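# Fold the following, please.
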Amino acid sequence: MSGSLHVEEFGSGPTIVLLHAFPCDGTMWRPQADALARAGWQVLVPDLPGFGRSPILEGEPSLAMVADRVLAEVADRGIDRCVVGGISLGGYVTMAIAAIQPDLLRGVVLCDTKATADGDAARENRERLARMCEESPGDTPRILEQAVLPGLLGETSRAERPLVVAQVKGWLAAAPAPTVAWYQRAMAVRPDSLSVLAGLEAPAVVIWGAEDALSSRDEQDVMVASLRSGQFVAVEAAGHLANVERPDAVGTALLEFVRGC
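Got it, this is the predicted structure:
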């Protein structure tokens, strides 16, 4: 396994870990991390392996391996209970953490993600994207902009939030081709996690951008129905990256949830 993750730390108090989307990095959570820190929480925001300033993992692609790396960072800080949350890919990793170490969880945040496994068509699309980036690594920013960008942002953001569009394009441009390929394959083989959610004793909140074209409302309803103690929050005028598109709205939802944790 490669070296430690780069982790930004905010505030002090009980801990919440926030995990970013593909193909972004931990900076996407800064507005919410600042708000949570002001409210008396310690917030840990890692760059997942291969993104930002964290080295990529070696070996067969697996989100369980990513979860283990995040868990090692938490253990190194002596934290035995915390809230863990993530958006999109970060939600997948959160569910992998829940499968590995459920007793760690004081609460769970699942934002614009889904608990079901990929179908055949989705797996084929992921493998196609992985191969395109491997075969033309210098074209990875263009490939991602064409293949990924349209689904990441809601209609409102694409039409009215040019700074958000530019920010997301910056993350796409920074994503290394080997990282893109590794995570596409890791996400393609992730298991169905509905049974993991059904077994959670910790409370959870499902936050969803109402313009999200990648993670449907039906997928959110399935997750909420599987949870023993689940809440649902819809964020209007936001798509798949709701915490970037509507940072204040997602921050408010997080603060309201963690007060009960």
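# mean confidence for whichever strand or helix holds Leu129?
Per DSSP states H and E: Leu129 is located in helix 120-135. For helix 120-135, mean pLDDT rounds to 98.
# which other helices and strands contact the helix or strand that that helix is followed by?
The helix or strand immediately downstream of helix 120-135 is helix 140-147, counting by DSSP H and E. If you count contacts as 3 or more C-beta pairs under 8 Å, 6 or more residues apart in numbering; DSSP states H and E, helix 140-147 packs onto helix 120-135, helix 162-174, helix 177-188. Using the backbone N, CA and C atoms, a C-beta is placed for each residue, glycine as well.
# Run through who's touching the shortest one.
Pointing back at helix 177-188 there. Here helix 177-188 makes contact (C-beta atoms under 8 Å, 6 or more residues apart in numbering) with 22-23, 50-51, 56-57, 61-63, 65-66, 89, 92, 118, 122-123, 126-127, 129-131, 133-134, 137, 140, 144.
# between it and helix 162-174, how many degrees?
100 degrees (axes from the mean of the first three to the mean of the last three C-alpha atoms, to 10 degrees).
# Relative to Tyr183, how far out is the spatially most central residue of the chain?
Residue closest to the average C-alpha location in the chain (C-alpha atoms, centre = their mean): Gly90, at 2.0 Å. Relative to Tyr183, Gly90 is positioned 11 Å away (C-beta to C-beta, to the nearest Å).
# Give the buried residues for the helix or strand hosting Phe232.
Using DSSP H and E, Phe232 falls within strand 230-235. Neighbour-count burial for strand 230-235 flags 230, 232-235 (criterion: 16 or more other C-beta atoms under 10 Å).
# Please apply the same query to stretch 45-57.
45-52, 54, 57.
# Return the subset of those residues lying in strands.
45-46 (DSSP state E).
# and the buried residues of stretch 45-57 as JSON lines, adding distance to Val83 and pLDDT?
Converted to JSON lines, the buried residues of stretch 45-57 look like this (distance: C-beta to C-beta, whole Å; pLDDT from 0 to 100):
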{"residue": "Val45", "distance to Val83": "13", "pLDDT": "98"}
{"residue": "Pro46", "distance to Val83": "14", "pLDDT": "98"}
{"residue": "Asp47", "distance to Val83": "19", "pLDDT": "98"}
{"residue": "Leu48", "distance to Val83": "18", "pLDDT": "98"}
{"residue": "Pro49", "distance to Val83": "21", "pLDDT": "98"}
{"residue": "Gly50", "distance to Val83": "24", "pLDDT": "98"}
{"residue": "Phe51", "distance to Val83": "21", "pLDDT": "98"}
{"residue": "Gly52", "distance to Val83": "22", "pLDDT": "97"}
{"residue": "Ser54", "distance to Val83": "21", "pLDDT": "98"}
{"residue": "Leu57", "distance to Val83": "24", "pLDDT": "96"}
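# and which of the buried residues of stretch 45-57 is nearest Gly13?
Set against Gly13, the nearest of the buried residues of stretch 45-57 by C-beta to C-beta is Val45 (15.1 Å).
# Might you list the low-confidence residue ranges for the protein?
Scanning the chain for pLDDT under 70 picks out 1-3.
# Against Ala39, how distant is Gly251?
Computed with C-beta to C-beta, the distance linking Gly251 and Ala39 is 10 Å.
# how about the strands in the stretch 1-150 of the chain?
7-10, 15-19, 42-46, 82-87, 105-111 (DSSP state E, counting those that start in this stretch).
# What helices and strands are in contact with the fourth one?
If contacts are counted by 3+ C-beta pairs under 8 Å, 6+ apart, strand 82-87 sits against strand 15-19, helix 89-100, strand 105-111.
# What of the last one?
Other helices and strands packing on strand 105-111, by 3+ C-beta pairs under 8 Å, 6+ apart, are strand 82-87, helix 89-100, strand 204-209, helix 247-258.
# That strand pairs with which strands, and in what direction?
Strand pairing for strand 105-111, using DSSP bridges, gives strand 82-87 (parallel), strand 204-209 (parallel).
# pretty sure Val224 belongs to a helix, no?
Yes. Applying DSSP: H, G, I helix; E, B strand; the rest coil, one finds Val224 inside a helix.
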